[in-house]
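> task: produce atomic coordinates for the following.
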Amino acid sequence: MTNCKSQINFCGGSNQNRCVARHLCRIGLESGTPITDWRVLQGGDSGCVSNEICCPKTEMVNNRKPTNTQSITRQCGHINSQGPILTINNLKDTTQEGELPWMIALLDASNFQYVASGSLISANVVLTSSSVIEIFNENELIVRAGEWDFHSNQEQGRHEDVAVRQIVRHSSFFYETGANNIALVFLARPLVLTDHINLICLPSANRNFIWNRCIVSGWGKKNINDHSYVNILKKIEVPVMDRLTCQEEIQSFYNLPFFLDKSLMCAGGEIGKDSCKGDGGAPLACPLQSDPSRYEQVGIVNFGDGCGKPIPAVYTDVSKMRPWIDFHMKWMKDAEPFDPAVFPMPRHDSTPNIILIEPLLSCNAGRDEAPWNMRLYGRTLSFPLLPAWQTLQGL
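The predicted structure follows:
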């Protein structure tokens, strides 16, 4: 997935039409804010990219609005439900441009390909999972804030790319269970906070949540069989599930023992509503109980089975990780230079980039007799039944 500039001059089958930014065309500007319909974008928008419109020359205007790049003072967790620049009607599981200003795309620095998602929790700190970036060093990642559509660089709220100063991974991350799957990415410089680049709130430590419907977002696949990731940031509404119910549902679904580590939580379980491959490290965000118009990050996309099955997905519980987050943010602020003895680098290996957790079957057994295909987004592992499940039950 790369960021490319539109090369289109004409559109709609006429040389009298041009693809222009939506606020530069009178069509759709009747309310003062550009408005379009998601079905138009899905139909190709006459050959224009998502945030442009095929406009007749006679309807073009020149009053270009300046992009808001000035620093702002705004509380964490605010969303732009109608989009700060463009409103898209009839959206389904897709965000408005700039709707979730805390979303971060982590890119491979060698080719600017999308790797994983994260969230902005401070002007210079990104929260993500350890598993999705374990094979990357600091100079191999780019942090992109303010992204919406990877197929366009014509967004009115332009994205910003920043190098990575340091990656801090949880030293107790355990592959077999997904426990403590969390990492902090410290930026080389702080981001300027704007309407479309802003922070998400974090819950207090070990908080008991009122179970709610929340949103998970990212640029991963919509369906497990899709051949590519989405280019426009998606947003899926999922129900948060209590730990005991989640553990029982997973056990029942597979008829296998399963123990949910105390660092984990669950959400989802509704058919067709789920995070998916490529969403690793993305935030699970819930409305603040004190102010439902703002959001806090309660989870980090960790692992699950396929996408959209009637079984909950597992997330890293941010409230359980809050003391770890606070400690390392303070340590990195106060400590200079970085001490590798305190934050050891993870091992690097050639493990493929898909997760497979399956029981060890006898030579005469078929996979259908004991299916277990859990994915840890962004990494692949396989291990036998007895050691793995004894470990799961023993934590």
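> so where's the stretch 251-395 of the chain uncertain?
Applying pLDDT under 70 to the stretch 251-395 of the chain flags residues 334-395.
> in it, which spans are strands?
264-268, 283-287, 295-305, 312-317, 374-376 (DSSP state E, counting those that start in this stretch).
> which of these sits closest to Tyr114?
strand 295-305 (14.3 Å; CB to CB). The C-beta positions use only the backbone N, C-alpha and C, and glycine is treated the same way.
> just the CA atoms of that closest one, as PDB, please.
Extracted C-alpha coordinates of strand 295-305, given in PDB (Å, rounded to 0.1, in the frame of the first residue of the first chain):
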ATOM      1  CA  TYR A 295     -13.200   8.400  23.600                       C
ATOM      2  CA  GLU A 296     -10.600   6.500  25.600                       C
ATOM      3  CA  GLN A 297      -8.500   3.600  24.500                       C
ATOM      4  CA  VAL A 298      -9.400   0.400  26.400                       C
ATOM      5  CA  GLY A 299      -7.700  -2.200  24.200                       C
ATOM      6  CA  ILE A 300      -5.100  -2.900  21.600                       C
ATOM      7  CA  VAL A 301      -5.800  -5.300  18.800                       C
ATOM      8  CA  ASN A 302      -4.000  -8.600  19.700                       C
ATOM      9  CA  PHE A 303      -5.400 -11.900  18.300                       C
ATOM     10  CA  GLY A 304      -8.500 -13.700  17.200                       C
ATOM     11  CA  ASP A 305      -9.800 -16.400  14.900                       C
END
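> what's the angle from that strand to strand 264-268?
90 degrees (axes from the mean of the first three to the mean of the last three CA atoms, to 10 degrees).
> ok so, going back, Throw the strands of the stretch 251-395 of the chain into JSON lines and include distance to Arg243 and mean neighbour count, thanks.
JSON lines is the format used below for those (distance: least, CB to CB, whole Å; neighbours: other CB atoms under 10 Å):
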{"stretch": "strand 264-268", "distance to Arg243": "7", "mean neighbour count": "27"}
{"stretch": "strand 283-287", "distance to Arg243": "14", "mean neighbour count": "26"}
{"stretch": "strand 295-305", "distance to Arg243": "12", "mean neighbour count": "27"}
{"stretch": "strand 312-317", "distance to Arg243": "9", "mean neighbour count": "29"}
{"stretch": "strand 374-376", "distance to Arg243": "17", "mean neighbour count": "23"}
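> wait, which of those strands is closest to His170?
Checked against CB to CB, the stretch from the strands of the stretch 251-395 of the chain lying closest is strand 312-317, at 9.0 Å.
> which elements pack onto the closest one?
Applying 3 or more CB pairs under 8 Å, 6 or more residues apart in numbering; DSSP states H and E, one finds that strand 312-317 contacts helix 243-254, strand 264-268, strand 295-305.
> residues in contact with it?
129, 178, 180-182, 238, 241, 246, 249-250, 260, 262-269, 274-275, 284, 298-305 (CB atoms under 8 Å, 6 or more residues apart in numbering).
> what's the offset of the helix or strand in which Ile236 is found from the middle of its chain?
Of the helices and strands defined by DSSP states H and E, Ile236 is found in strand 234-241. Computed by CA atoms, centre = their mean, to the nearest Å, the chain-centroid distance of strand 234-241 equals 12 Å.
> now stretch 188-198
17 Å.
> what is the longest helix seen in the chain packed up against?
Longest helix in the chain, counting residues (DSSP state H): helix 318-334. The helices and strands touching helix 318-334, judged by 3+ CB pairs under 8 Å, 6+ apart, are strand 125-128, strand 160-169, strand 183-187, strand 295-305.
> turn those into JSON lines, including distance to Gly146.
Below are the helices and strands packed on helix 318-334 laid out as JSON lines (distance: least, CB to CB, whole Å):
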{"stretch": "strand 125-128", "distance to Gly146": "13"}
{"stretch": "strand 160-169", "distance to Gly146": "5"}
{"stretch": "strand 183-187", "distance to Gly146": "13"}
{"stretch": "strand 295-305", "distance to Gly146": "17"}
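> so for Asn15, which of those sits nearest?
Asn15 sits nearest to strand 160-169 of all the helices and strands packed on helix 318-334, at 35.4 Å, using CB to CB.
> what pairs with that closest one, parallel or antiparallel?
Note on strand 160-169: by DSSP bridges, its sheet partners are strand 141-145 (antiparallel), strand 183-187 (antiparallel).
> how is this protein partitioned into domains?
1-65, 87-199+324-334, 213-318 (automatic domain parsing).
> understood, closing this out.
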